[in-house]
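Asks: Here is a sequence together with a model predicted from it:
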Amino acid sequence: MSLLEITDLTVGFDTEDGLVQAVRNISLTLDEGEILALCGESGCGKSVTAMSVPRLLPPDTTRLSGSVTLDGRELTTLPEPDMRHVRGKDVSVVFQEPMTSLNPSFSVGYQITEVLRRHEGLSRRAAGERALALLELVGIPAPARRMKEYPHQLSGGMRQRVMIAIAVACSPRVLIADEPTTALDVTIQAGVLDVFRDLRDRLGTAIILITHDLGVVADIADRAVVMYAGRAVEQATVTELFANPRHPYTLGLMKALPTAAVGGRLAEIPGMVPSPLSDPDECAFHDRCPRVQTDCRLSRPQLVRQAEGHLAACFHPGGQS
Amino acid sequence: MILRIDNLVKHYGQVRAVDGLSLEIAHGEVLGLVGESGSGKSTVGKCVLRLTDPTAGTIELAGRDITRLSRRAMRPLRRDMHMVFQDPFSSLNPRFTIEQIVGEPLLRHKVADRRGVSERVSAMLEKVGLRPEMRSRFPHELSGGQRQRVGLARALILEPKLVVADEPVSALDVSVQASVLNLITDLQRDMGFSCLFITHDLSVVEFLADRIAVMYLGKIVESGPKAEIFAAPRHPYTQALLSAAPVADPVRQRERRRIVLGADVPSPVDPPSGCRFHTRCPLAYDACRTDEPPLTDTRSNGHPAACHLITADRIPDAAAHR
């Protein structure tokens, strides 16, 4: 049994235009100390998949089916008061924008100690000491001084480190990081990714990293799930995925990177993502796919084993390169 | 030269956004201006287009000093230079149709009547890969990539000599970004405009630019031909920037030696003394803290850098120092 198991998860949202299917039949697992990347382009469902774990989705409009278990405990049906205990303690989240996710009117120290006092029942003094250690853990210089400062006094990179410190304050089993470095400069990004690596190595934290950046995936993740139009289209260890991408969409993403230019041109993926309002019984990628054949329009390819630990949902997957 | 900037200074109150910057762009050349947030790269673009008034320095467009021209005197010159913005959502008027948006510069500069506008707009939309029926659509009906094509069409319809593009593909997904980058390459080759391409993304300028200038805290620290900058970056900051951008290849990425920069980016309100990079530079020594290194082309090969080590004829290698 894995630490976290998501089985046949489907998530839709009620909207004025009807039911929008954001995630369809996703299954994945996450082991202790593992960094799993969820990657894909805007609207592919990567964030919704991850946010289903701490149930940070609007309760009134969300239609969710399937199962999410943490240590064998079902989370989708857990009563809200119990869920509140899971959030922050067992599962915590780091968001993309560190300025809007910190409260501007409280000091950094207050925001960290609040979590520790609420979830761990620590005294003010004990929480303060722990907070100091946490700021040190995430590589913030002069942490004692930083404790008294307010978010606006910190740079973007430092704010994100504070967010990570808050997220790991109660030693969560699972840390969900949603585009944690996208708003940061590249020289700052490198340091923040090191913090995640360090947390995994020292505390054994399992991390779900949501990112659109294949460079970040290559740098830090152990395994990756590539999503397209709400479904997982490929899943493999990172080395295997980059060495032998099987799904044409994965390959398309890799070839579209500016660094992959051939003869001064980039490989484009023509067309657009299909509407999340309908779901015809066909491969969702077929009208953009260079390998499309008749069968791709007749039924939907399932995620099947291509090699050891390598799954892809394609009738005509690329071979071993 | 289509553009010559000499010792440009732009201060916003206390913020020294651009602090003595010189650069040139030749006819038909694409210059990639690279820097991180707060480096002042966007301010340079705004000064060039006179969207903001420079504090000091001169800007010449095709040999003519435009630094202090009045709004009225600038108006005819606006035919020759245009801007493409980052955000394809907020830079298009939501109440205008695509035809009105793309045709507006033609009417403003009175180069076509209503009927002529319609024809020119159709031709331009075709050039940027949009179908003619898009003319009657509104921006909200278009995808991000399509909107950015509209932004390009609007910028290019007067066939300007200079295009300032500020992060034009940064808000786009990779697959869409690829098609817009290909399009910019094609248009630039066909129409021959010069381009100041402002971005934080090194891989984008590696694909697109002829020459690259790297900015740090309001100044250029290094510039040169693209191939030179990527093969043999000279300034420690450029070296760090190149080493920090992860490559999409786990085997290579995990073997790479990264240069981890100390400290945060200092505030442009109070930039460090001496070399502005010294607070983060792994190679900084005494002189760097007191004297500002000049941008010098020691090998006279069009690849100047501003570093005391280079002036002292040593080769900086930030990666060797940890």
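Replies: Structure's in. What do you need? Numbering: from 1, shown residues only, chains lettered A, B, ... in the order given.

Asks: use CA for all of it now, contacts and neighbours both
Replies: Will do.

Asks: what about the stretch 201-322 of chain B, any weak spots by pLDDT?
Replies: Along the stretch 201-322 of chain B, the parts satisfying pLDDT under 70 run over B:321-322.

Asks: Against chain B, how distant is residue A:301?
Replies: Distance from residue A:301 to chain B, counting by Cα to the nearest Cα, to the nearest Å: 22 Å.

Asks: Does that residue touch residue A:284 like I think?
Replies: No. In this structure, residue A:301 is not within contact of residue A:284 by Cα atoms under 8 Å, at 9.4 Å.

Asks: of these two, who's got more company?
Replies: Shown here are residue A:301 and residue A:284; by other Cα atoms under 10 Å in any protein chain shown, residue A:284 has more neighbours (23 against 19).

Asks: Shouldn't the more buried one be within a helix?
Replies: No. Under DSSP: H, G, I helix; E, B strand; the rest coil, residue A:284 sits outside any helix and is assigned coil.

Asks: Tell me where chain A has helices.
Replies: According to DSSP state H, chain A carries its helices in the segments A:46-51, A:80-89, A:98-101, A:108-120, A:124-137, A:143-147, A:156-167, A:186-203, A:214-220, A:238-243, A:248-256, A:294-298.

Asks: Identify the residue nearest residue A:161 in space, chain neighbours excluded?
Replies: residue A:138 (5.8 Å; Cα to Cα, 6 or more residues apart in numbering or on different chains).

Asks: so what's the one you found scoring on pLDDT?
Replies: Per-residue pLDDT puts residue A:138 at 86.

Asks: One more: the one 4 residues further on?
Replies: Model confidence at residue A:142, expressed as pLDDT, equals 86.

Asks: Next: residue B:59.
Replies: Here, the pLDDT recorded for residue B:59 equals 97.

Asks: Specify the local secondary structure of it.
Replies: With three-state DSSP as the criterion, residue B:59 reads strand.

Asks: check contacts around it.
Replies: B:3, B:4, B:5, B:6, B:8, B:48, B:65, B:66, B:67 (Cα atoms under 8 Å, 6 or more residues apart in numbering or on different chains).

Asks: any low-confidence regions in the stretch 1-150 of chain B?
Replies: Short version for the stretch 1-150 of chain B, where the test is pLDDT under 70: none.

Asks: Quick check: residues of it near chain A?
Replies: Residues of the stretch 1-150 of chain B lying near chain A by Cα under 8 Å from any Cα of the partner chain: B:36, B:37.

Asks: Helices of the stretch 1-150 of chain B, start to end?
Replies: For the stretch 1-150 of chain B, the helices defined by DSSP state H, counting those that start in this stretch cover B:41-48, B:71-74, B:98-108, B:114-127, B:144-156.

Asks: now, of these, which is deepest in the fold?
Replies: helix B:144-156 (a mean of 24; mean count of other Cα atoms under 10 Å in any protein chain shown).

Asks: Show me which residues of the stretch 51-200 of chain A sit near chain B.
Replies: Counting by Cα under 8 Å from any Cα, the stretch 51-200 of chain A sits next to chain B at A:155, A:157, A:185, A:186, A:187, A:189, A:190, A:191.

Asks: Now render these as JSON lines, adding pLDDT.
Replies: JSON lines is the format used below for these (pLDDT from 0 to 100):
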{"residue": "A:155", "pLDDT": "82"}
{"residue": "A:157", "pLDDT": "82"}
{"residue": "A:185", "pLDDT": "86"}
{"residue": "A:186", "pLDDT": "88"}
{"residue": "A:187", "pLDDT": "85"}
{"residue": "A:189", "pLDDT": "87"}
{"residue": "A:190", "pLDDT": "87"}
{"residue": "A:191", "pLDDT": "85"}
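
Asks: okay, those residues in JSON lines with neighbour count next?
Replies: JSON lines is the format used below for these (neighbours: other Cα atoms under 10 Å in any protein chain shown):
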{"residue": "A:155", "neighbour count": "17"}
{"residue": "A:157", "neighbour count": "22"}
{"residue": "A:185", "neighbour count": "19"}
{"residue": "A:186", "neighbour count": "23"}
{"residue": "A:187", "neighbour count": "24"}
{"residue": "A:189", "neighbour count": "21"}
{"residue": "A:190", "neighbour count": "22"}
{"residue": "A:191", "neighbour count": "20"}
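
Asks: need the contact list for the nearest residue to residue B:15 once chain neighbours are set aside.
Replies: Of all residues not flanking residue B:15 in the chain, residue B:269 sits nearest, at 4.4 Å (Cα to Cα, 6+ apart). By Cα under 8 Å, 6+ apart, the residues touching residue B:269 are B:14, B:15, B:16.

Asks: Without its sequence neighbours, what residue ends up closest to the residue in the stretch 1-150 of chain B that chain A sits nearest to?
Replies: Here the residue of the stretch 1-150 of chain B nearest chain A is residue B:36; by Cα to the nearest Cα that distance is 5.9 Å. In this structure, residue B:36 finds its nearest non-sequential neighbour in residue B:200, 5.5 Å apart by Cα to Cα, 6+ apart.

Asks: Determine which two of the residues of the stretch 51-200 of chain A next to chain B are furthest apart.
Replies: The two members of these with the most space between them (Cα to Cα) are A:155 and A:190, at 15.1 Å.

Asks: Residue ranges in chain A under the pLDDT threshold?
Replies: A:98, A:319-321.

Asks: do that again at 80, thanks
Replies: A:97-100, A:319-321 (pLDDT under 80).

Asks: tell me the centre residue of it?
Replies: By Cα atoms, centre = their mean, chain A has its centre lying nearest to residue A:210, at 2.6 Å.

Asks: What distance do you get for that one to chain B?
Replies: Taken as Cα to the nearest Cα, the span from residue A:210 to chain B is 15 Å.

Asks: Enumerate every residue touching residue A:72.
Replies: Contacts of residue A:72 by Cα under 8 Å, 6+ apart are A:1, A:3, A:4.

Asks: buried subset of these?
Replies: Buried positions within those, assessed by neighbour count (16 or more other Cα atoms under 10 Å in any protein chain shown), are A:3, A:4.

Asks: Where is the longest helix in chain B?
Replies: Max-length helix for chain B by DSSP H is helix B:174-191.

Asks: what is the orientation angle of that one with helix B:144-156?
Replies: 20 degrees (axes from the mean of the first three to the mean of the last three Cα atoms, to 10 degrees).

Asks: Redo the contacts of residue A:72 as CSV? Include distance to chain B.
Replies: Formatted as CSV, those follow (distance: Cα to the nearest Cα, whole Å):
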residue, distance to chain B
A:1, 28
A:3, 25
A:4, 25
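
Asks: follow-up on the earlier one: turn the helices of chain A into a markdown table, columns for distance to residue B:119.
Replies: Formatted as a markdown table, the entries for these read as follows, by distance: least, Cα to Cα, whole Å:
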| stretch | distance to residue B:119 |
| --- | --- |
| helix A:46-51 | 43 |
| helix A:80-89 | 59 |
| helix A:98-101 | 46 |
| helix A:108-120 | 59 |
| helix A:124-137 | 62 |
| helix A:143-147 | 61 |
| helix A:156-167 | 48 |
| helix A:186-203 | 44 |
| helix A:214-220 | 42 |
| helix A:238-243 | 47 |
| helix A:248-256 | 33 |
| helix A:294-298 | 39 |
